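Enquirer: For reference, the sequence and a predicted model appear below.
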Amino acid sequence: MIKAENLFYLYDKNSSPVLKDINLDIQQGEYTAVIGPNGCGKSTLVKHFNGLLFPANGSVQVDGINTTDSSSIHQVRQKVGMIFQNPDNQVVAMTVEEDVAFGPGNLKLPPGEIQKRIYEAMETAGISKYAQHPPHNLSGGEKQLLALAGILAMHPSYIILDEPTSSLAPDERQKVARLLQQLHKKGITIIHITHNMDEIVHADRIIVMESGKIFLEGPPGEVFSRVDELKKIGIGPPKITELMWQLKKAGIDVSTSILTVEDACKEIASKVNTHV
Amino acid sequence: MYNIGQYIPGNSPVHRLDPRVKIILLVILSIFIFRADLTVSALTTAFYIIVIAVSRLGFLRVIKSLKPAAVFFAFLFLIHLFFTEGTPVFSFLPQYVSITFEGLHRGILYTWRFILLVLSASVLTMTTRPSGLVSGIERLLRPLNFTGISSHDTAMMISLALRFVPTLLEETQKIKEAQAARGANISSGSIFYKIKSAAALAMPLLVNSCRRVDELADAMEGRGYQRGPRTYMYELQLTRLDYAALLIGFILVFAACAYKYF
Ligand SMILES: Nc1ncnc2c1ncn2[C@@H]1O[C@H](COP(=O)(O)OP(=O)(O)O)[C@@H](O)[C@H]1O
Ligand SMILES: [Mg+2]
């Protein structure tokens, strides 16, 4: 479990806090999405989860380890992997396989174990065929898969993704999103920051942030059905949810916690049938 | 597209030699080359012809890899050719410009040595994967760890620098194109204009690099990077081939010492 308690953070002593009294539990196995307008503190929040930033006040614990406990920081980094937005600036090596080997090498694993892990990880991410290639020849999406493989080789319990698909082409977005769901099924906890609502309709929980605070929190159906509140902070729910919401406003009594086209069809059909 | 001495994958004995051994042999050979006369240069050249054949690099490819240095080769040759005192062989403007026998000899020898040095480096990098080279350097520097120079940190630095070369080249190209699209033209105009354009190119490159470094540092730290010892996916291991190559290298050194070559 990742647990944040009364978490405050400021980049500058004189500025106002970027995170204001965040309290949050993320359970093992959960798929959590974090959304919110630009600059609301999403990246700042998740950087606390693997010890890239430390609370100015309050605490963050990963499986009971306080991230400020410097003797266990390597354990926190092994448990919690992090993928960033820009695929280029996460690559450290001159070949794909060696980039994947970077994390395990930092864990000081023996060469045999490193090789075993990186081949498994490259297989899972679907980039085995590029093992010997220089990473700069890969596409943006493939580079993100490479970054994921590099994290997977460390055998993490949690993977945080900070807008992993925002610089990718649509078909590549899907590939990454699909891999995330696959990893989630395997039991890895996913924390996914995104601006693309369609990627996270299957999430277990959505956390909406606004100016350093948690603004809304709950399952996607519940959060997205609060269209008025979301619009106030500049977030559009998935198109299909908004359609239901507009229908309801127009006087048709449909549920607004609908996330997929299929469910929307069923819901509308049932209403139409009862009216006839 | 081939950069200078880009790694060409292969499985020849030259490829399989331990990077440490190759680096040591390169150093020994370089010392020989520095002091080479025409005979030793010819012998070294013959040696490299064999090495290139054995490692199946392709002569054409190796020669191409020397191309970026061709201007320096020519410059070196001409300097010696025209500015060495001695017996004139040929003169355009008697008393002013003349080619001497000594100049010709020096020009050939010095240029040949220089070509051989660049060739050595080229063959090394073409037959050794960059990471192998980096771990080779790391292992060779380990004895210096007690001085405070960390071999692991040095290796990490070299490897990151190498990794970012293609990225920076790509970025330079992109910025150039973006500026060209807005009407800038770096390859024409006065010297002053060219310098100004180069500065306009360097600024965004520098700014981007700073942001890059910030993000890279986060990504590395996030993956558990700490300064100091770490492990690598390939462990360097000396084989019989390596011992044989080292032995030959050392015999050469001893022979050279015995004959007061050094
Ligand atoms: N390194 C930094 N130094 C100073 N201020 C920062 C830094 N990073 C982010 N901020 C500020 O903190 C706030 C939250 O940023 P961030 O966590 O990146 O938001 P988000 O990821 O939600 O877009 C923003 O106002 C941003 O300007
Ligand atoms: Mg962000």
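Expert: Thanks, I have it. Ligands and ions are numbered 1, 2, ... in the order given.
Enquirer: Doesn't A:I22 belong to a helix?
Expert: No. Counting by DSSP: H, G, I helix; E, B strand; the rest coil, A:I22 is not found in a helix; it is strand.
Enquirer: tally of neighbours for it?
Expert: 23 (other Cβ atoms under 10 Å in any protein chain shown). For the C-beta atoms, the positions are set from N, CA and C on the backbone; glycine is no exception.
Enquirer: who's it bridged to?
Expert: On DSSP bridges, the residues paired with A:I22 through beta bridges are A:L7.
Enquirer: List the residues that contact it.
Expert: Taking Cβ atoms under 8 Å, 6 or more residues apart in numbering or on different chains as the contact definition, A:I22 lies against A:A4, A:N6, A:L7, A:F8, A:L45, A:G58, A:G212, A:K213, A:I214.
Enquirer: What count of nearby residues applies to B:F34?
Expert: Every residue meeting other Cβ under 10 Å relative to B:F34 is counted, giving 11.
Enquirer: per-residue confidence for it?
Expert: The predicted local confidence for B:F34 comes out at a pLDDT of 89.
Enquirer: The spatially closest residue to it that is not a sequence neighbour: neighbouring residues, count only.
Expert: In space, and not counting its chain neighbours, B:F34 is closest to B:R113: 6.9 Å by Cβ to Cβ, 6 or more residues apart in numbering or on different chains. Residues lying near B:R113 (other Cβ under 10 Å) number 21.
Enquirer: Look up how far A:A153 lies from B:R113.
Expert: B:R113 is 46 Å from A:A153, where distance means Cβ to Cβ, to the nearest Å.
Enquirer: returning to what we had before: checking my notes, the residue nearest to B:F34 in a strand, right?
Expert: No. Per three-state DSSP, B:R113 lies outside any strand segment and is helix.
Enquirer: Is it correct that it is in contact with B:A42?
Expert: No. Using Cβ atoms under 8 Å, B:R113 is not in contact with B:A42; the gap is 11.8 Å.
Enquirer: Now that we're looking at the residue nearest to B:F34, what pLDDT does it have?
Expert: 94.
Enquirer: list the contacts for it?
Expert: B:R113 makes contact with B:I33, B:F34, B:A36, B:S41 under the criterion Cβ under 8 Å, 6+ apart.
Enquirer: Those: which two are farthest apart?
Expert: Considering Cβ to Cβ, no two members of the contacts of B:R113 lie farther apart than B:F34 and B:S41, which are separated by 11.1 Å.
Enquirer: which one of the contacts of A:I22 has the most neighbours?
Expert: Note: the member of these with the most neighbours is A:L45, at 28 neighbours, neighbours being other Cβ under 10 Å.
Enquirer: OK, contacts around that one?
Expert: A:L45 makes contact with A:A4, A:L7, A:L19, A:I22, A:V34, A:M209 under the criterion Cβ under 8 Å, 6+ apart.
Enquirer: Give the phi and psi angles for the first one, as a check.
Expert: Reported as degrees, to the nearest 10, the phi and psi values for A:A4 are phi -110, psi 130.
Enquirer: How about the fifth one?
Expert: A:V34 adopts backbone torsions of phi -120, psi 120, taken as degrees, to the nearest 10.
Enquirer: now swap in the last one and tell me
Expert: With angles defined as degrees, to the nearest 10, A:M209 shows backbone torsions of phi -110, psi 150.
Enquirer: Check the secondary structure at A:G58 for me.
Expert: Taken by three-state DSSP, the conformation at A:G58 corresponds to strand.
Enquirer: Surely it is in contact with A:K3?
Expert: No. With the criterion set as Cβ under 8 Å, A:G58 and A:K3 do not qualify as a contacting pair; they are 10.5 Å apart.
Enquirer: what's the weakest-modelled helix or strand in the chain?
Expert: I went with chain A, as the question did not name one. Across the helices and strands of chain A, mean confidence by mean pLDDT, DSSP states H and E is lowest for helix A:261-275: a mean of 82.
Enquirer: looking at chain B here, not the other one
Expert: Going by mean pLDDT, DSSP H and E, chain B bottoms out at strand B:88-93, a mean of 72.
Enquirer: where are the low-confidence patches of chain B?
Expert: Across chain B, residues meeting the criterion (pLDDT under 70) sit at B:1-5, B:93-96, B:184-188, B:261-262.
Enquirer: so the residue of it found nearest ligand 1 is in which element?
Expert: Among all residues of chain B, B:D214 sits closest to ligand 1, at 7.6 Å; criterion: Cβ to the nearest ligand atom. Under the criterion DSSP states H and E, the helix or strand holding B:D214 is helix B:191-222.
Enquirer: Off-centre distance for that helix?
Expert: Taking Cα atoms, centre = their mean, to the nearest Å, the mean C-alpha location of helix B:191-222 is offset from the chain mean by 25 Å.
Enquirer: ditto for stretch A:1-16
Expert: Put simply, stretch A:1-16 sits 19 Å off its chain's centre (Cα atoms, centre = their mean).
Enquirer: Any idea how far apart the tips of that stretch sit?
Expert: Distance between the two ends of stretch A:1-16: 29 Å, counting by Cα to Cα, to the nearest Å.
Enquirer: Using neighbour counts, pick out the buried residues of it.
Expert: Of the residues in stretch A:1-16, those buried by neighbour count under the rule 16 or more other Cβ atoms under 10 Å in any protein chain shown are A:I2, A:K3, A:A4, A:L7, A:Y9, A:L10.
Enquirer: can you check stretch A:106-121 too?
Expert: Buried residues in stretch A:106-121, counted by 16+ other Cβ under 10 Å: A:N106, A:L107, A:L109, A:P111, A:I114, A:Q115, A:R117, A:I118, A:Y119, A:E120, A:A121.
Enquirer: cool, stretch B:228-248 as well?
Expert: Residues B:R230, B:T231, B:Y232, B:M233, B:Y234, B:L236, B:D242, B:A245, B:L246 are the ones in stretch B:228-248 that count as buried (16+ other Cβ under 10 Å).
Enquirer: wait, what's in contact with the closest residue to A:K20 other than its chain neighbours?
Expert: For A:K20, ignoring the flanking residues on the chain, the nearest one in space by Cβ to Cβ, 6+ apart is A:G212 at 4.4 Å. Taking Cβ under 8 Å, 6+ apart, we find A:G212 in contact with A:P17, A:V18, A:L19, A:K20, A:I22, A:C40, A:G41.
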